[in-house]
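# no sequence for this one, just the structure:
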C-alpha cells in the first residue's frame, strides 16, 4: 500500500493550483498563518517611521561621516566592534544591559525613556538557572 500511495503522490497535481483566486478567496490559515492587523496598518504620523528607525539612521550618518573623515577602515572597524559586542550576553536567566554597546554608541551618559520607564518584559526575572542553561544548550 505504501508503494501505491507514493505512486499517486508522485504523479499528482500540486495543491497550490487548486486554491481559489480572486476577490472571494478565503485566507488559508494552514499555508499563510494568522493575518496580523498590526502589519497592515499604516503609520499614523509621517515622523513615526523616522522615530522607529532613529538609531539605524543615526548609525548610518555617523558611519558616512567617519568614512569621509578617516577613510573606509574606520566604519568597518566600528561595525566589527558593534557586532562583537552584540554577541556578548549574560547567562540566559539574567537580563543583559548591553552597556558595552551603549558605550560604543556614546549613549552611556544619556538618560532616556527606557532607563526610567523600562519595558516590563525586560525586567530581571530569576528563573531556574539549571533548567534555562540546559534549554539554551539543547539538552532539554
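Yep, it's here. Values in this document were obtained by computation on a predicted structure and should not be read as measured data.

# and the next element down the chain from the longest helix seen in the chain?
Scanning the chain for the longest helix, with DSSP state H as the assignment, gives helix 54-70. Following helix 54-70 in sequence order, the next helix or strand is helix 73-87 (DSSP states H and E).

# if you average pLDDT over that following helix, what comes out?
Per-region confidence: helix 73-87 scores 92 on mean pLDDT.

# Helix 54-70 and that one, what's the angle between them?
Angle between the axes of helix 73-87 and helix 54-70 is 150 degrees (criterion: axes from the mean of the first three to the mean of the last three Cα atoms, to 10 degrees).

# tell me what the helix or strand just after helix 73-87 is packed against?
Scanning the chain past helix 73-87 towards its C-terminal end, the next helix or strand to appear is helix 99-105 (assignment: DSSP H and E). Applying 3 or more Cβ pairs under 8 Å, 6 or more residues apart in numbering; DSSP states H and E, one finds that helix 99-105 makes contact with helix 73-87. Any C-beta I mention is one placed from the backbone N, CA and C, and that applies to glycine too.
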